[in-house]
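J.: need coordinates for the below:
(chains A and B)
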Amino acid sequence: MLQCIFLLSDSGEVMLEKQLTGHRVDRSICAWFWDHAVSHGDQALQVIASPTHYLFQICREGITFLACSQVEMPPLMGIEFLCRVADVLSDYLGGLNEDVIKDNFVIVYELLDEMIDNGFPLTTEPTILREMIAPPNIVSKVLSVVTGSSSNMSEKLPSSTASCVPWRMTEPKYSNNEIYVDLIEEMDAVVNRDGNLVKCEIYGEVKVNCHLSGLPDLTLAFSNPKILDDVRFHPCVRFRPWESHQILSFVPPDGQFQLMSYRVRKLKSIPIYLKPQLTSDAGTCRLNLLVGIRNDPGKVVEMIAVQFKLPDCVSSADLNSNCGTVNILSNKTCSWSIGRIPKDKTPSMTGTLALAPGLDRLHVFPTFQVGFKIMGIAMSGLLIDRLDFKNLPTRPYKGFRAQTQAGHYEVRS
Amino acid sequence: MAPPATAQRNPSPSQPSGKGEVSDLKLQLRQLAGSRAPGVDDSKRDLYKKVISYMTVGIDVSSVFGEMVMCSATSDIVLKKMCYLYVGNYAKVNPDLALLTINFLQRDCKDEDPMIRGLALRSLCSLRVPNLVEYLVGPLGTGLKDNNSYVRMVAVIGVLKLYHISAPTCIDADLPERLKHLLLNDPDAQVVANCLTTLQEIWALESGKSEEASREREALLSKPVIYYLLNRIKEFSEWAQCIVLELVVKYIPTDTNEIFDIMNLLEDRLQHANGAVVLATIKVFLQLTLSMTDVHQQVYERIKAPLLTLVSSGSPEQSYAVLGHLHLLVMRAPVLFSSDYKHFYCQYNEPFYVKKLKLEMLTAVANESNTYEIVTELCEYAANVDIPIARESIRAVGKIALQQYDVNAIVDRLLQFLEMEKDYVTAETLVLVKDLLRKYPQWSHDCIAVVGNISSKNIQEPKAKAALIWMLGEYSQDMDDAPYILESLIESWEDEHSAEVRLHLLTAVMKCFFKRPPETQKALGAALAAGVADFHQDVHDRALFYYRLLQYNVSVAEKVVNPPKQAVSVFADTQSSEVKDRIFDEFNSLSVVYQKPSYMFTDKEHRGPFEYSDEVAGISIGADPADNVVPAQHVEANDKDLLLSTYEEEDTRSVISNGSAYNAPLYDSSAPLVASQTQTDIGSLDTSTSQTPSASLAIDDLLGLGLSITTAPVPPPALTLNPKAVLDPGTFQQKWRQLPVSLSQEFPVSPQGVAGLTAPQALVRHMQGHSIQCIASGGQSPNLKFFFSAQKSGSSSYFLVECIINTSSAKAQIKVKADDQGATNDFATLFQTALSKFGTA
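T.: Residues are numbered from 1 along each chain as shown, chains lettered A, B, ... in the order given. Just a heads-up that it's a prediction; the model follows:
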């Protein structure tokens, strides 16, 4: 049971305070928390015991969402709820930052009011909230000026609070029925010092943007569902068809939502290789880094970037590359953005690192983090077989897309 | 991050500091109050916004209360909402003015728009002014009957709010009875869920006062209610599902079919997008199958994938909380996760606490098949930029080596660390090599060759230095220059700041002396002289002790300092298995994240020393909402001074309690009571030490006294057991959950006993012969698990035992729960005797 929610700006100022129970939480808790956060930096835990309360905190775009409780409760309930609050606010306000929250604090209060009562979360379903409280978009602002009605409240209560499909409002109507399905995958990989692929795994999400009239019933099938190691579904997905035939059968929410997420383990090939070479000699270290395509995925690999932190014992670095740009930031982070790989040459970065006085050779080796993006392909190999509709008067337009990008993709030296 | 802003305490000059602006607002509001001009709502809205924004910044705008209420006559819902917000915030400090709002709120409660009815009712209940409760009952009653579910939902929570303001009013109006009806009949799932939370909280708080309330509380856990909720589970919102699942955890099914039914029904919840639901479901699965060892293992297999997905999907905050739970499970059943070790590999940019959890899991899951890969991975971290992680990784390698898998290769790796010539790596490695040598003396030759090359001057950390000195003393016969290194260390005695190092130095010189007397004699003399003159008491005492020992008899001294040593077989675990079990029982709670059972942190008064058995009793009920719910009024009273003076309070408390009563504030004025409590405490301490012969033996062994391990003969117990006692598994399970652990201990099992354990049935029959019945057994070698029960003859009190026998270490670990706690010790001895006879007959 949460007792209070605070929103803090990136300087620790309390932007908003929402008391949830009769027990009032004093604001001084925020000062305590801020001192704690400042003194622990990145290492501050998400669940902290302060002298008086247990605090749950998440940070999004510089805004800290802080919730207080004095009783035992499932930690994930607190954290998940805050994450949902952040998602909903960011969705409503078109992004999160200090100004947008301060400008729209009335809406934030209204939202919190409907999302949680007396410390128990009620509904966090964006579709339902949207029906109760209209988002402050330009359209509604214009409308309010034109019609003179200045309420940003919808006139009637969402009927879906009582319907058995809580994620869908009743019978929306569209002149163009269309649905888009995106496979978005993130590849996590670790290549160890010897150049062996230690771990390679894909975390993927099926995102749907749905504009269909009425109450449609959809089925989505993959051609190779066997490769999925574990799946998680939006509440709208029926479990039995999946269990028996690996078919997703569902009545979709309106608008954008995440239909499922999945994990594919034990992949054997990675699209990009990176070969670091470090040789030390008498106080300087020579670095040579090669990047290239391996196991050509058949689509263009874009936005290739390499980032690594120079070891503390490096006093200065002189690094150059034959394509792309190299930047060394003040916190000793070196980033090399390559973009696409040119046809005629292999990108390489070479240079020397001067070690701190007294050190003969480099003992601590950097870890290279690689970024990339490939449009048009899901690297896990997952393929959508078909998408069928029931309960729709006209055939809608269907769009499918896929994309893979690097998640935690690291190469050690 | 930027330094903390002090805005909330002393507003900066640019912000409106109060008075002027507020009185300005007051004036403007007053002008608008009576106006009916068109567009007046817009200007009101601007003013309201200003007021609320002041309030948000922390400026006291309570002085415009009257004007705000006067302006509240409007049909604009946003205005209304802002007004409700304002009123809710200030009503409590202005109880007199709050009366003004009742009128318009009550009117809004009858509005034709259900949204306004709901909002007004919510605000009415949120005023929280005790002398206005009489105005609440009526609207709440109507609200509960409203035909719109939104209003009913608000009304149900309103009942809870009313209860917290004035419990008698709520009970007298018979509102809980009406909620009970709604709980079982309302078509809207959210109303049902709110009824459930409200009733749970009310009955939990009431159950202390009336029998009937505790019966009602039990009734929530009855089969019809639970089944009704489970059957509707898919209708509930994800958060309500969590609440229902929390309730189901406490339900005790009557037979195994029921358990399987529940699990089948809930299986798809494991695939839910919300992590909180997944964890709550996992808790249900784990608790339901506790007594069914085989199924319990299957549950682990089943929940593995969802947990691993949760870790890799959500935000870093979520994965941290999930990782805490995964850590707990991995520690309990490392074998089941041994093929998933790659999931515990650390990513470069993860925070330290995540990496640390992962390293611990990697250590736990290491076995014959994956050790090589895990150690290879860990060695890469040792060369990592991140120094704390490098240290932890080296420790992890050492721990794996101590687990006895593939020691050969690991020792080589450790020795390679020494060649890396990084001071912190060397330091950590030395400590590990020392531990390794204590367990595997056969490796001394290889290790000493490398360690001998390390210059003691390069080592600064006391722990590492002490380890090196220990090795110099222990293996001085194999290291040519050991006496001379020791001698040079003694020469710089004055510069050595750590007493630990000086103590080790004394002992090492002594050991060396008996192995190579001529070379060491001079150094020994210098060391003893320096030691006797040392200002540190322990160093002084040890030096004096050695000196007198040598004076008395040199050969006795040698026996004391250099006895034949046995290799250490198992190093003690830092966290007792009991604490771990307790945390497991509190799965899906903060305990897991803190890695402490809740009694160690939830209640301030329980911090510090505590009396164990009482504590346990509190905890096992602690799973119930009763103890989870802090009565709001009570908290309130305490809150202010807690926030201001926690630290001092804790200090004084620990002084007063002086190692005994954790509920000191109640007793601190009455000295005799405290005294008597301390007395009992000491008594219980005594018994507990006498119960753990194995522990004290281990200490003796550490001190190198070389006692042979024999268990003292156990005196014949006075307690007799009923040979025909029958306890059915259902009752057993129920009792097991209700009763606190009154005793838990570990003792060795005879080799014959271990040999006889090839079939668990043999032990079951054997124990039957001693009037101890087996309820369930399971597990796989080397870990076998049994549940036994026994009944005291001539009484109805039962003893319940969970017994885990590890055949590879020949140890048995028992946990006893008893109706009659006083007889626990007698029973434990009886049990131990019975077990020790197993295999001998």
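
J.: ok, and the closest non-adjacent residue to the residue nearest the centre of chain B?
T.: The centroid of chain B falls nearest to B:Lys596 when counting by Cα atoms, centre = their mean (2.4 Å). Nearest residue to B:Lys596 in three dimensions, chain neighbours excluded: B:Ile583, at 7.2 Å (Cβ to Cβ, 6 or more residues apart in numbering or on different chains). Glycine gets a C-beta too; all of them are placed from N, C-alpha and C.

J.: after the host helix or strand of that neighbour comes which helix or strand?
T.: Assessed by DSSP states H and E, B:Ile583 sits inside helix B:577-585. Downstream of helix B:577-585, the next assigned helix or strand under DSSP H and E is helix B:590-594.

J.: can you tell if that next one touches chain A?
T.: Yes. Using Cβ under 8 Å from any Cβ of the partner chain, helix B:590-594 reaches chain A at B:590-594.

J.: once you drop chain neighbours, what's closest to B:Thr309?
T.: A:Asp230 (4.4 Å).

J.: correct me if wrong: that neighbour contacts A:Arg263.
T.: Yes. With contact defined as Cβ atoms under 8 Å, A:Asp230 counts as touching A:Arg263 (4.9 Å).

J.: spit out the residues that contact these two alike.
T.: The contact sets of A:Asp230 and A:Arg263 overlap at B:305, B:308-309 (Cβ atoms under 8 Å, 6 or more residues apart in numbering or on different chains).

J.: quick one: average confidence on stretch A:126-144?
T.: Averaged across stretch A:126-144, pLDDT comes to 63.

J.: likewise for stretch B:815-830?
T.: On average, stretch B:815-830 scores 82.

J.: that stretch: how far from the chain's middle?
T.: Distance, stretch centre to chain centre, for stretch B:815-830: 26 Å (Cα atoms, centre = their mean, to the nearest Å).

J.: need the helices for chain A, in chain order.
T.: Remark: helices assigned in chain A by DSSP state H are A:28-40, A:75-93, A:98-103, A:105-115, A:126-132, A:138-147, A:239-245.

J.: residue ranges with poor pLDDT in chain A?
T.: A:41-44, A:135-167, A:169-171 (pLDDT under 70).

J.: what of the stretch 651-800 of chain B?
T.: Ranges of the stretch 651-800 of chain B meeting pLDDT under 70: B:651-718, B:758-760, B:780-781.

J.: rerun at 50
T.: The stretch 651-800 of chain B contains residues with pLDDT under 50 at B:651-717.

J.: show me which residues of it sit near chain A.
T.: So the stretch 651-800 of chain B never meets chain A (Cβ under 8 Å from any Cβ).

J.: ok, which stretches of the stretch 651-800 of chain B are helices?
T.: B:664-667, B:671-690, B:693-702, B:729-738, B:751-756, B:760-769 (DSSP state H, counting those that start in this stretch).

J.: tell me which of the helices of chain A is the most buried.
T.: Highest mean neighbour count among the helices of chain A (mean count of other Cβ atoms under 10 Å in any protein chain shown): helix A:75-93, with a mean of 23.

J.: what ranges does the stretch 151-300 of chain A have for its strands?
T.: A:178-191, A:197-211, A:217-222, A:230-233, A:247-250, A:255-264, A:272-281, A:284-293 (DSSP state E, counting those that start in this stretch).

J.: who touches B:Ser72 in this structure?
T.: B:79-80, B:83, B:101, B:104.

J.: farthest-apart pair in these, please.
T.: Greatest spacing in the contacts of B:Ser72, by Cβ to Cβ: B:Leu79 and B:Thr101 (14.2 Å).

J.: these two: which has the busier surroundings?
T.: B:Thr101 (26 against 22; other Cβ atoms under 10 Å in any protein chain shown).

J.: how far is the helix or strand containing the more buried one from where the chain is centred?
T.: Here B:Thr101, judged by DSSP H and E, is contained in helix B:95-108. Computed by Cα atoms, centre = their mean, the chain-centroid distance of helix B:95-108 equals 46 Å.

J.: and the residue sitting furthest away from the middle of chain A, how close does it get to chain B?
T.: When distances are taken from the C-alpha mean of chain A, A:Ala282 lies farthest, 44.9 Å away, according to Cα atoms, centre = their mean. Going from A:Ala282 to chain B by Cβ to the nearest Cβ, to the nearest Å gives 16 Å.

J.: then A:Val88?
T.: 14 Å.

J.: residues from the stretch 301-413 of chain A in reach of chain B?
T.: Checking the stretch 301-413 of chain A against chain B by Cβ under 8 Å from any Cβ, the hits are A:309, A:311-312, A:363-367, A:369, A:408, A:410, A:412.
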